[in-house]
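S.K.: build the 3D model from these lines:
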Amino acid sequence: MAAHLRSATVAPRFTNDRRVRPIHAIFRSCRWIAVIVFLTVAITALIASTLPQSLPAAPLLPSPRPSVVNLSVNRYPLPLLRRRDSSFLPYPLNSSREVDISTPSHLMLNCDAEEGNIGANRPCLLNPSTSTVRSKVVKPSDGDGKTFPPTEFRALSRSLPTDAALVYAKKEIENASFENYDQNLYAPLFHNVSVFKRSYELMERILKVYIYPDGRRPIFRTPELKGIYASEGWFMKLIEQNKQFVVKDPNRAHLFYLPYSAHRLELALYVSGSHDMKPLSIFLRNYVHKISSKYPFWNRTRGSDHFLVACHDWGPYTTTLHSELRKNSIKALCNADTSEGIFIRGKDVSLPETSIRMPRRPLRQIGGRPVSQRGILAFFAGNMHGRVRPILLEHWGNGKDKDMRVYGPLPNSISRKTSYIEHMKSSRFCICPMGFEVNSPRIVEAIYYECVPVIIADNFVLPFDEVLDWSAFSLVVAEKDIPKLKDILLGVSMEKYLRMQESVKRLQRHFLWHSRPEKYDLFHMILHSIWLSRVNHIHLQIDNQVYNLHSGKAADVEKEGISRRLEGKFELEVDSSGKSSRGRKEISVHLAFDASAALCSPPLTFVPVINLTSTPFHCLPPST
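M.R.: Numbers count the residues shown, from 1 in each chain. Predicted coordinates:
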């Protein structure tokens with residue numbers, strides 16, 4: 001009976017369990033379905049937000065042949081801007097005929113030429129006529145400063161000819177949006193931190209450098225990493241090891257590096273006591289003749305896309321016997337003296353002179369004492385080289401003023417108590433007078449030891465002055481004001497000094513060498529200055545004549561005869577024969593980025609187009 005009752009009571013429970021379990025399973029399934037649906041929607045939205053903007057519906061065949069268009073006085077197909085190493089013949093202008101601007105066959109490219117393009121053997125239509133492009137143009141950057149993602153940008157830059165990529169970069173830099181704050185950069189150090197940031201980004205994504213393999217060691221490709229001329233050696237070492245910027249195919253290069261050491265050239269060829277630097281100049285002249293006859297790259301730009309890096313005082317003088325090397329190439333020089341007529345401000349680059357004692361530990365002893373422990377107003381010790389240092393010693397040396405610690409070579413009686421480096425770390429201002437030449441390693445030493453540099457060197461172009469605002473972290477004193485030096489230093493309020501000293505500390509990262517280069521360090525700052533010089537001096541060739549395109553106001557007319565208009569137009573003063581003259585005849589050169597047709601992959605890129613109107617010159621079409 002009891003067993004019967006137990007079975008009677010258990011049976012309903014078993015029955016209820018069998019009914020409840022399916023219901024629970026259904027609820028669990030619904031929850032999983034909801035989770036899956038939510039994840040699907042989220043992933044779809046994420047993909048849609050990150051992918052490039054899709055094209056509107058467009059036929060897969062080329063657009064119909066447009067009607068004939070009258071293009072002003074002279075009519076011709078609009079050519080692509082190309083490097084001058086291409087073989088082409090000038091296209092004769094004919095003012096009496098009309099030209100069909102439908103896509104010519106030589107603009108039909110293969111989309112599979114670039115790695116990563118999708119679609120087998122699909123033609124890529126580059127249409128120079130904006131009237132036939134129906135797809136929406138995706139701008140490189142909008143008003144909010146939004147730009148292409150890096151992967152899309154690299155694909156874009158690869159699709160452009162090398163000079164066209166520089167034109168694109170120039171336009172982007174000029175239109176850089178203003179930003180008050182950037183967590184990676186200290187804005188007070190820069191003239192315009194937004195312009196620098198945009199230019200640096202473009203350098204990272206676009207720039208390619210070719211290093212000439214010619215030349216024997218040790219003058220070539222043998223970096224010297226120790227001493228006061230170490231800057232040229234460290235740059236050589238790091239650029240040769242670099243895989244981001246350096247390419248083996250010179251046709252992909254925007255810049256060409258001449259990997260020689262000015263110091264090793266002096267050691268190899270200079271006859272001690274002769275005071276004759278001509279053998280050095282002859283050697284470098286012959287080297288340029290060799291590469292210009294062996295390769296086409298020097299001749300097509302007359303050396304304007306070639307650069308050298310030389311920290312030896314004689315670096316500028318080694319370029320004097322080759323006119324194109326001296327006038328056209330980009331020279332990164334420690335001896336950045338504008339009074340000698342060799343260093344060209346705005347084109348050449350002022351190279352910081354760094355004195356490296358231990359190449360394995362180039363950052364040894366970096367840093368300084370806090371302001372409260374800097375009891376010395378100003379300090380200098382060094383050999384009495386040049387015209388400035390004896391005057392400095394005459395007015396402030398030999399213990400004439402206890403606040404102004406000015407010496408020749410630091411006496412042993414003093415250095416045993418306080419070393420040269422400790423003097424700099426304990427001083428508020430570090431005096432950096434020129435020696436035989438305008439440059440001095442003390443400027444960078446002052447930055448290393450967090451001492452505000454006081455620079456005394458007339459006609460000296462300060463390193464990276466195209467981007468850095470030296471008034472924010474240094475004092476520049478004219479040579480004639482040396483007698484008033486203490487009054488000038490005492491005239492700096494404590495509030496201003498604290499700002500300057502903080503800026504010096506923030507500046508350090510831009511003047512440091514690393515065995516593995518870091519973003520915004522000295523290697524990248526030097527390379528950026530060379531890149532920016534090249535971008536700012538793009539060349540346009542018309543009828544085998546090369547003209548420089550410079551930034552500036554519309555009213556500015558450069559000596560080359562071309563001025564930059566804000567909307568991207570240029571003017572040239574010519575006469576009827578096409579030669580420069582005072583008689584004014586205008587042409588307009590429109591450098592615009594035109595969208596390609598829908599057949600391209602990636603679907604939207606930018607093609608630089610030259611449009612010449614009312615010009616007696618020939619336009620240069622691309623080679624077939």
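S.K.: got any ranges where this protein has weak pLDDT?
M.R.: Regions of the chain meeting the criterion pLDDT under 70 cover residues 1-29, 46-159, 179-181, 539-624.
S.K.: outline the domain layout of it.
M.R.: As assigned by automatic domain parsing, the chain contains the domains 208-356, 371-511.
S.K.: could the ones you listed go into CSV alongside distance to residue 532?
M.R.: Heads up, the C-betas are built off the backbone N, CA and C, glycines and all. Below are the domains of the chain laid out as CSV (distance: least, CB to CB, whole Å):
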stretch, distance to residue 532
domain 208-356, 9
domain 371-511, 6
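S.K.: in CSV: these, plus mean neighbour count and distance to residue 538.
M.R.: Listed next are those as CSV, based on neighbours: other CB atoms under 10 Å; distance: least, CB to CB, whole Å:
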stretch, mean neighbour count, distance to residue 538
domain 208-356, 19, 9
domain 371-511, 18, 16
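S.K.: so which of the ones you listed gets nearest residue 191?
M.R.: Judged by CB to CB, the one of these that comes nearest to residue 191 is domain 371-511, at 5.2 Å.
S.K.: circling back: closest one to residue 176 among the domains of the chain?
M.R.: domain 371-511 (12.1 Å).
S.K.: run through who's touching stretch 185-204.
M.R.: Contacts to stretch 185-204, defined as CB atoms under 8 Å, 6 or more residues apart in numbering, come from residues 147, 169, 172-173, 176-182, 244, 467-469, 472-473, 499, 503, 506-507, 510, 520, 524, 527-528, 531-532, 535.
S.K.: so for residue 165, which of the domains of the chain sits nearest?
M.R.: Counting by CB to CB, and looking across all of these, nearest comes domain 208-356 at 6.9 Å.
S.K.: straight-line length of the closest one, end to end?
M.R.: Start-to-end span of domain 208-356 (CA to CA, to the nearest Å) is 28 Å.
S.K.: cool, and stretch 326-346?
M.R.: Across stretch 326-346, first to last residue, CA to CA, it's 14 Å.
S.K.: next one: stretch 507-520
M.R.: So stretch 507-520: terminal residues 10 Å apart, CA to CA.
S.K.: now do stretch 425-437
M.R.: Across stretch 425-437, first to last residue, CA to CA, it's 25 Å.
S.K.: wait, residue 298 sits on residue 289?
M.R.: No: if you go by CB atoms under 8 Å, residue 298 and residue 289 don't touch, sitting 9.4 Å apart.
S.K.: any shared contact partners between these two?
M.R.: By CB under 8 Å, 6+ apart, no residue touches both residue 298 and residue 289.
S.K.: show me which residues of stretch 519-532 are buried.
M.R.: For stretch 519-532, a neighbour-count test (16 or more other CB atoms under 10 Å) marks 520-532 as buried.
S.K.: just the ones in strands from those, please.
M.R.: Among those, DSSP state E puts none in strands.
S.K.: in helices only, show me those.
M.R.: 522-532 (DSSP state H).
S.K.: how about these in TSV, adding distance to residue 414?
M.R.: What follows is those, written out as TSV (distance: CB to CB, whole Å):
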residue	distance to residue 414
522	31
523	36
524	38
525	35
526	35
527	40
528	40
529	38
530	41
531	45
532	43
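S.K.: closest to residue 283 among those residues?
M.R.: The nearest one, if we look at those relative to residue 283 and count by CB to CB, is residue 530, at 22.8 Å.
S.K.: the closest one contacts residue 329, correct?
M.R.: No: look at residue 530 against residue 329 with CB under 8 Å: they stay out of range, at 10.5 Å.
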